[in-house]
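S.K.: Quick one, structure for this:
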Amino acid sequence: VDGIDEGWAPAAIENGIIGGLLVSAADFRDRTNARLIIFIRDNMYRIVSDLDEDFSRVVSGEHLRIDWDHTSLLMFVAARLRAAFGHPTTLKDEQVWNRFAKKELHGHDGFLAVLKYTLYRPRDVLELLNRTHLVAQNQGRDQIVENDLEAAAKGISQNRLQDLCKEYRDVLPGVESQIAAFSGRPAISTLGELTSWLGQLESADGRELVAARVVQSLYGIGFLGFEQTQGGFQFCHDGSDPALSVMPAGTRVAVHPCYLRALDVELPPGEVLDVLLRDTSYEFGEDTQATRQMHQMLLDRVLSHLQQQLPQIREGNPGQHEFEKWCEQVIRSLFGRVLRNVELHPNKAAVERRDLVGSIEASGGPWRRISETHHAHTALFELKNYADLDPEDYRQLASYMGGSYGNVGFLIYRAKRQKPNNKERSHLQLHKGKGKHIVLLSTEILTIWLKKRSLDAAQDRLGRWYDLHVRQFWEIPASRG
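M.R.: Next comes the predicted model:
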């Protein structure tokens, strides 16, 4: 039933097979108190949920979407490289990657450059890396470089485009001709330009195309992406509605970079197309006991991994990049429900380059209080991979405040104690007197929050920690007479 890279039309037999499988799994659960795990393609799951009237009774709220991001894909690739080349398990994932990739593909940014040619699916990444490695071997090398990737990317791009058309030709009639029409056109255009151009085309049966529907369909299958205010282009692969009616005509739209070479499309000189995946981390449906248990199990593994990872990161400049990634993952893991679009170095080209930011979307709790008290719509974090802060560290964070960041910022540093010492408090009080509120977060206190293995506990601890700053750390103590 579930053909790889093939379209799936909800015919009665196919729908009945999948629906029957889900019902059988639910009956098995009820009779034996044991649970079956069923893996099913996302688009099939969505269609069955719409067509099967028993769906909500049987499985609604007990599903978990598997999303792959650059971190999980790096872990996956590193595991395959360890097995293939016999690397020791003590090597970190990025170190394993660096033994395989050289020059421009070296490091975290190099791995991201590879992912741009994929749809963030494990088999896409493996196929691309296998072809790239074959090119390198033909040149007498065992490590890959950018030229190898470029040579392999053309064939991969053609395969992915063929797969896309094959997968959706029955579900979206005319999709092949619509995609083919992008050949030789600019990789990036505005929404207004795109809808105007598409409105002049005809469908396969000679009827006029409805441009908005074409754009919506091509976004839903991951062919087109929309530029976001924080930078980068957002793509999805689950049929989501891009809400075109509220988008300005000047919104920039891009073809996914993995299809560019197959269409003979080039990016404008100097243009960098950063791929953002739609955040589905918290779209888990209804809150059931089974879902909560599964989420807690996954959360325990993530938080435990982060807790164990910190001691392996060297302090100072040698470990700065790893430390920044660690901080990003900690903030995402502990506060991802209320801080969205958490991003490292969002304004790399600006004079003031903030370390880590995240949009505050809290309806209550400490983040709502922080947002309202300090007029902050975006949380601001400065990351210092050492224990002894100097006056410039505080001044730098204070200078980044203002606008959507409000008058509050968080300073994460490597102190092995929870509470700030007298010297640190004096700097907090100095800047508070200037209307700049700095919250210190030592890695010691973050590690304690990780040990709690609870997102609610992290929120509660943050609220208490913020209260300590308000009531003690920011206040100048009365002099004793």
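S.K.: all strands in the chain, in order from the N-terminus.
M.R.: Remark: strands of the chain, listed N- to C-terminal, are 188-190, 224-227, 233-235, 252-255, 275-277, 339-344, 356-360, 378-383, 408-413, 437-442; assignment by DSSP state E.
S.K.: least reliable of those strands going by mean pLDDT?
M.R.: Looking over the strands of the chain, mean pLDDT reaches its minimum on strand 275-277, with a mean of 63.
S.K.: Longest helix in this structure, by number of residues?
M.R.: Ranked by residue count, the top helix of the chain under DSSP state H comes out as helix 146-168.
S.K.: which other helices and strands contact that one?
M.R.: Secondary-structure packing of helix 146-168 (3 or more Cβ pairs under 8 Å, 6 or more residues apart in numbering; DSSP states H and E): helix 107-115, helix 122-138, helix 175-180. Every residue, glycine included, has its C-beta placed from N, CA and C.
S.K.: residue ranges with poor pLDDT in the stretch 1-150 of the chain?
M.R.: Scanning the stretch 1-150 of the chain for pLDDT under 70 picks out 1-15, 42-43, 45-63, 65.
S.K.: quick one: Arg141 and Phe28, what's the gap?
M.R.: Taking Cβ to Cβ, to the nearest Å as the measure, Arg141 and Phe28 are separated by 52 Å.
S.K.: let me redo that: Gly192
M.R.: Separation of Gly192 from Phe28 (Cβ to Cβ) stands at 53 Å.
S.K.: Compare the helices and strands packed on helix 146-168 and give me the one nearest Leu64.
M.R.: Of all the helices and strands packed on helix 146-168, the one in closest proximity to Leu64, counting by Cβ to Cβ, is helix 122-138 (17.0 Å).
S.K.: shouldn't Phe323 be in contact with Leu383?
M.R.: Yes. Using Cβ atoms under 8 Å, Phe323 is in contact with Leu383, at 6.5 Å.
S.K.: Now do Cys232 against Trp68, distance only.
M.R.: Just to correct that, residue 232 is Gly rather than Cys. 17 Å.
S.K.: how's this protein carved up into domains?
M.R.: Following automatic domain parsing, the chain resolves into domains at 12-58, 70-168, 182-277, 289-473.
S.K.: what mean pLDDT does stretch 388-398 have?
M.R.: Averaging pLDDT residue by residue across stretch 388-398 gives 95.
S.K.: With stretch 195-208 instead?
M.R.: Here stretch 195-208 scores 63 as its mean pLDDT.
S.K.: Let's see the pLDDT reported for the closest residue to Thr378 other than its chain neighbours.
M.R.: Using Cβ to Cβ, 6 or more residues apart in numbering and skipping residues adjacent in sequence, the residue nearest Thr378 is Ser404, 4.6 Å away. At Ser404 the predicted local confidence, pLDDT, stands at 92.
S.K.: Tell me who's in contact with Ser404.
M.R.: Ala376, His377, Thr378 (Cβ atoms under 8 Å, 6 or more residues apart in numbering).
S.K.: Tell me how far it lies from Glu343.
M.R.: Shown here: Ser404 relative to Glu343, a distance of 13 Å by Cβ to Cβ.
S.K.: list residues touching both of these two?
M.R.: If you check Ser404 and Glu343 against Cβ under 8 Å, 6+ apart, no residue is contacted by both.
S.K.: How much space separates Pro186 from His469?
M.R.: 50 Å.
S.K.: next one: stretch 96-109 to chain centre, how far?
M.R.: Its chain's C-alpha centre and that of stretch 96-109 lie 21 Å apart, by Cα atoms, centre = their mean, to the nearest Å.
S.K.: residues in contact with it?
M.R.: Stretch 96-109 has contacts (Cβ under 8 Å, 6+ apart) with 74, 77-78, 81-82, 85, 87, 91, 94, 110-111, 113-114, 133, 143-146, 149, 321, 325.
S.K.: if we go to 7 Å?
M.R.: If you take Cβ atoms under 7 Å, 6 or more residues apart in numbering as the criterion, stretch 96-109 is touched by 74, 77-78, 81-82, 87, 94, 110-111, 113-114, 143-146, 149, 321.
S.K.: now stretch 172-191
M.R.: Residues external to stretch 172-191 that are found in contact with it (Cβ under 7 Å, 6+ apart): 165, 168-169, 201, 203-204, 214, 217-218, 223, 247, 249-255, 260, 263-268, 271.
S.K.: For that stretch, measure first residue to last.
M.R.: End-to-end distance of stretch 172-191 (Cα to Cα, to the nearest Å): 21 Å.
S.K.: can you pull the buried residues of that stretch?
M.R.: By neighbour count on 16 or more other Cβ atoms under 10 Å, the buried set for stretch 172-191 is Leu172, Gly174, Val175, Glu176, Gln178, Ile179, Phe182, Ala187, Ile188, Ser189, Leu191.
S.K.: just to revisit the earlier point, relative to His377, how far out is the residue nearest to Thr378?
M.R.: As for Ser404, its distance to His377 is 4 Å (criterion: Cβ to Cβ).
S.K.: same deal with Arg340?
M.R.: Noted for Arg340: a distance of 11 Å to His377, by Cβ to Cβ.
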